[in-house]
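Engineer: Sharing a sequence plus its predicted fold:
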Amino acid sequence: MSQRWHKSKLFNKSNKIKITVLSNYGHLKTLGDPLRGLRQRILRLFSLALILLTVCTACAPPPAVAKDRSFPEMSLEFLGEYELPKMNFEGVPVGGLSGITYDPKGISAVTSKAYRFYALSDDPSENGEARFYSLRLDLTSSDPGNIRLKKVTVDGVTSLKKADGETFSWGSINPEGIALSPRNSVFVANEGVTHAGIPPFLGEFDLKTGQMRGKLPIPKRYIPDTSDEKQQQGVLENLGFESLSIDPETFSPGGLDPFRLFAATEAPLMQDLDPEKEKKLRLLHYVIVDKTPQLVSENLYNLDQVPLTILNGLTELVTVGGGQILSLERSFGLSGYSARIYQLAVGAATDTSRIQSFKGRVAVEPVKKKLLLDLSELGIPLYNLEGMTLGPQLPDGSKSVVLVSDDNFDEAQKTQFILLSLKTKN
């Protein structure tokens, strides 16, 4: 049986609708066909139906664009800033604040407008022992329409110690990120010291004594290869683990239940570094179960390119509940410092834990990102913002977000605290 296809274009040059009649039928002899009239009526009905279908399709409104449900509606509002004066505490300069975390149990309910935070110094035991500070943040008012950051006070310091109780010697640690856990401890991200052959680590330290309790397992691909003069893999010098966050929704009394921890590198690993393409970072997801922490997944995080910058990196992660994470990207260029906060969705991202290098790979679904706030649009001078944490609930029901800058122990730079209000819409 032969087949004949009759086609015409749907639109002509004058944009008038033309009809395409598609018929697929056997070759019939015209003469002597007793069903000829019936076949012609069927063909006419088919053509009429096709006309109506074509006209309705042409006149119908375009389909609605599906809303991306990966990102619940969020907004960040600037509430104020505070610059910590240059000072010494217990004989040691306060500075290098590279990470910050909130302690909801730290201040008595009697003083309802003051809150406890812990801030990590990135001092490599050069100006004093490696340490984190206890801070008190005071707000100006309980009036929802007039919340401001009034003052930040340093009221305690804890030295970081190794498992044997000894403090870290000069240059043997490079601490950058801190997160309070539900079991009276803090986790600290250490970038390592590549030139000295000191590997990075993610360690747990006792909140009161500062003594190390243990370390999280880190894949070998993160450890710098120093077997020859040219590094082949691992974190780059001073660009290793910078971000650290624990999901507050997984907190339980005493930390008896498993909780989730996220960490990320500031820059690509050596084997992922590709100057001609976007910067591909790695985000790690751990589940902490008693004394057997597990790395359950790893994802690709694409760092945004910022024109005319000398330095650009991912400096912090903050879990805000509902499977959502905020990220802080800080850059430095000709116009000074800038920073952006993004909303992340990791649910659909590819698990990259088996991928040794991202070079040349395109079939990887990265973490989804959505720009939430460009801090350069706040109209205030910005400094080296490296720490960010979710803070207490504000009087209007929104969550607070607190950022801190690392002054690099430089007289010309500032330790800047920024208070934001995070509002969500279910």
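Structural biologist: Cool, got the structure.

Engineer: I'd like to know how far residue 211 sits from residue 86.
Structural biologist: Residue 211 sits at a distance of 30 Å from residue 86 (criterion: Cβ to Cβ, to the nearest Å). All C-beta spots, glycine's among them, are computed from the backbone N, C-alpha and C.

Engineer: ok, those two, which is more surrounded?
Structural biologist: residue 211 (19 against 13; other Cβ atoms under 10 Å).

Engineer: so what's that one bridging to?
Structural biologist: Residue 211 has these beta-bridge partners by DSSP bridges: residue 161.

Engineer: so what's residue 31 scoring on pLDDT?
Structural biologist: At residue 31, the model reports a pLDDT of 34.

Engineer: Residue 315 is in contact with residue 385, isn't it?
Structural biologist: Yes. Between residue 315 and residue 385 there is a contact at 6.9 Å, judged by Cβ atoms under 8 Å.

Engineer: what is in contact with the two at once?
Structural biologist: Taking Cβ atoms under 8 Å, 6 or more residues apart in numbering as the contact rule, residue 315 and residue 385 both touch 328, 330.

Engineer: for the stretch 251-400 of the chain, what spans make up the strands?
Structural biologist: 259-265, 279-288, 294-303, 309-321, 324-333, 336-345, 368-374, 385-393, 399-405 (DSSP state E, counting those that start in this stretch).

Engineer: what would the ones you listed look like in CSV with mean pLDDT and distance to residue 76?
Structural biologist: Compiled in CSV, these are given as follows (pLDDT from 0 to 100; distance: least, Cβ to Cβ, whole Å):
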stretch, mean pLDDT, distance to residue 76
strand 259-265, 97, 19
strand 279-288, 96, 21
strand 294-303, 96, 20
strand 309-321, 94, 11
strand 324-333, 96, 9
strand 336-345, 97, 6
strand 368-374, 97, 4
strand 385-393, 96, 11
strand 399-405, 97, 7
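
Engineer: Rebuild those strands as TSV, extending it with distance to residue 185.
Structural biologist: Listed next are the strands of the stretch 251-400 of the chain as TSV, based on distance: least, Cβ to Cβ, whole Å:
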stretch	distance to residue 185
strand 259-265	11
strand 279-288	10
strand 294-303	18
strand 309-321	17
strand 324-333	21
strand 336-345	25
strand 368-374	30
strand 385-393	16
strand 399-405	21
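
Engineer: between these, which one is nearest to residue 352?
Structural biologist: Closest approach to residue 352 among the strands of the stretch 251-400 of the chain (Cβ to Cβ): strand 294-303, 5.0 Å.

Engineer: which of the residues in that closest one are buried?
Structural biologist: Across strand 294-303, burial judged by 16 or more other Cβ atoms under 10 Å covers 295, 297-303.

Engineer: ok now that strand, how far from the chain's centre?
Structural biologist: The chain centre lies 10 Å from the centre of strand 294-303; the measure is Cα atoms, centre = their mean, to the nearest Å.

Engineer: ok, the residue lying closest to residue 380 once chain neighbours are set aside - contacts?
Structural biologist: Closest residue to residue 380 apart from its sequence neighbours, by Cβ to Cβ, 6 or more residues apart in numbering: residue 81 at 6.1 Å. Contacts for residue 81 were tallied using Cβ under 8 Å, 6+ apart; they are 149, 380, 416-419.

Engineer: The residues you listed in strands, which ones?
Structural biologist: 149, 416-419 (DSSP state E).

Engineer: By neighbours, which of the residues you listed wins?
Structural biologist: Ranked by the number of neighbours (other Cβ under 10 Å), these place residue 417 first, at 25 neighbours.

Engineer: Was I right to think that residue contacts residue 117?
Structural biologist: No. Using Cβ under 8 Å, residue 417 is not in contact with residue 117; the gap is 9.3 Å.

Engineer: joint contacts of the two?
Structural biologist: Here residue 417 and residue 117 share the contacting residues 137, 402, scored by Cβ under 8 Å, 6+ apart.

Engineer: In its sheet, which strands sit next to the helix or strand containing residue 132, and in what direction?
Structural biologist: Taking DSSP states H and E as the criterion, the element that holds residue 132 is strand 131-139. Its sheet considered, strand 131-139 pairs with strand 114-121 (antiparallel), strand 149-159 (antiparallel) by DSSP bridges.

Engineer: Just give the strands next to the next helix or strand after the last one in its sheet, each with its orientation.
Structural biologist: The one in question is strand 149-159. Downstream of strand 149-159, the first helix or strand assigned by DSSP H and E is strand 175-180. Its sheet considered, strand 175-180 pairs with strand 185-190 (antiparallel) by DSSP bridges.

Engineer: avg pLDDT for the partner strand?
Structural biologist: Mean predicted confidence for strand 185-190 is 98.

Engineer: Burial check on residue 379, number of neighbours?
Structural biologist: Using other Cβ under 10 Å, residue 379 is surrounded by 6 other residues.
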